[in-house]
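Chemist: Sequence and predicted model, in that order:
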Amino acid sequence: MSLNVLITGASRGIGKAIAARFAKEGANLYLTCLNSYESLCNFSIELSEKYNIMCTPYKCDVGNYEEVATLFSTIGHVDIVINNAGIAWLGLFTDMSIDDWNKIIQTNLTSVYNTSHFAVPLMLRQGSGKIINISSVWGNVGASTEVAYSASKGGVNAFTKALAKELAISNISVNAIACGVIDTDMNRKHLSNEELECLKEEIPADRIATPDEVADMVFTIANAPGYLTGQIISFDGGWI
């Protein structure tokens, strides 16, 4: 039986690469995005035709509980949830508004609660499941001018460890990948080429990772023994 996989934030970057990786292996996909729905629909059709899978796109703000409830009303079975949706905000903490703060927390952290809240009962009924959260090294160590982002990813890491302990007895694993610098639109939006080059010089691997490499890592964790749970796995080329 084919796996059913939910991937949030799948219209571009890491989420899109993850979707392509699982589609290649024959998984059926539920893909969400908020702002690029037309592109996601076209991508879903492309994957469906190329790999002969079911690929269903949804326009969904995963930081909104009601919208995620509506999403799961159409999902009867899910084996793997990959919480990838995320946004960044760079700037001094004193310049950050409460609206900016709430948007980061809702998108990056509350979304993980929302999807897990609805996915876990389905996984409990079937006696298995995997939740993989895309986090950041800044959730481990914090970053200047990225207080909210760091706090949200730190929350994701703590959520991962705690939920894993609750669900281990039920054959449901929960892990997170703490990404370093990845070549995504989000990073290129906030960082200049010069800044990215400076970051590259700090990384022992002497390069920035690609979304496809993160997708390969996600796929590896998805196929790991269930005994691997509660882990925050750094994926940063030896940087932090």
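Modeler: That came in fine, so what should we check first?
Chemist: now the helices: where do they sit in this protein?
Modeler: Using DSSP state H, the helices found in the chain span residues 13-24, 37-51, 65-72, 98-105, 111-126, 138-141, 147-167, 185-190, 193-202, 211-222.
Chemist: and those helices, which is most packed in?
Modeler: Most buried of the helices of the chain, by mean neighbour count (mean count of other CB atoms under 10 Å): helix 13-24, with a mean of 24. For the C-beta atoms, the positions are set from N, CA and C on the backbone; glycine is no exception.
Chemist: circling back: can you put the helices of the chain in TSV and add mean pLDDT and distance to Leu90?
Modeler: Shown next, in TSV, are the helices of the chain (pLDDT from 0 to 100; distance: least, CB to CB, whole Å):
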stretch	mean pLDDT	distance to Leu90
helix 13-24	98	17
helix 37-51	98	25
helix 65-72	98	27
helix 98-105	98	11
helix 111-126	98	20
helix 138-141	98	11
helix 147-167	98	8
helix 185-190	81	5
helix 193-202	90	10
helix 211-222	98	20
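Chemist: Export these as a markdown table, with columns for distance to Lys59.
Modeler: What follows is the helices of the chain, written out as a markdown table (distance: least, CB to CB, whole Å):
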| stretch | distance to Lys59 |
| --- | --- |
| helix 13-24 | 14 |
| helix 37-51 | 4 |
| helix 65-72 | 9 |
| helix 98-105 | 17 |
| helix 111-126 | 14 |
| helix 138-141 | 27 |
| helix 147-167 | 22 |
| helix 185-190 | 18 |
| helix 193-202 | 31 |
| helix 211-222 | 21 |
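Chemist: Tyr30: which of those is closest?
Modeler: For Tyr30, the closest of the helices of the chain is helix 65-72, at 7.7 Å, according to CB to CB.
Chemist: Which elements pack onto that closest one?
Modeler: Packing partners of helix 65-72 (3 or more CB pairs under 8 Å, 6 or more residues apart in numbering; DSSP states H and E): helix 111-126.
Chemist: list the contacts for Asn83?
Modeler: 8, 62, 111-112, 115-116, 131-134, 156 (CB atoms under 8 Å, 6 or more residues apart in numbering).
Chemist: let's go with 7 Å and repeat that
Modeler: Neighbouring residues of Asn83 by CB atoms under 7 Å, 6 or more residues apart in numbering: 8, 111-112, 115, 133-134.
Chemist: which two in those are spaced the farthest apart?
Modeler: Thr115 and Ile134 (12.1 Å).
Chemist: for the contacts of Asn83, which one is nearest Glu195?
Modeler: Nearest to Glu195, judged by CB to CB, of the contacts of Asn83 is Ile134 at 21.8 Å.
Chemist: Is the closest one in contact with Ile177, as I believe?
Modeler: Yes - using CB atoms under 7 Å, Ile134 makes contact with Ile177 at a distance of 5.8 Å.
Chemist: These two: who's more crowded?
Modeler: When Ile134 and Ile177 are compared for neighbours, Ile134 comes out ahead with 28 against 24, by other CB atoms under 10 Å.
Chemist: Count the residues that sit near the closest residue in space to that one that isn't next to it in sequence.
Modeler: Counting by CB to CB, 6 or more residues apart in numbering, Ile134 lies nearest to Asn84, which is 4.5 Å off, once chain neighbours are set aside. Neighbour count for Asn84, taken as other CB under 10 Å: 27.
Chemist: where's Asn84 relative to Lys161, distance?
Modeler: According to CB to CB, to the nearest Å, Asn84 stands 19 Å off from Lys161.
Chemist: For the most centrally placed residue in the chain, list the residues it contacts.
Modeler: In the chain, the residue lying closest to the centroid (CA atoms, centre = their mean) is Asn84, at 1.6 Å. Listed by CB under 7 Å, 6+ apart, the contact set of Asn84 reads 7-10, 14-15, 18, 134.
Chemist: Brilliant, that's me finished.
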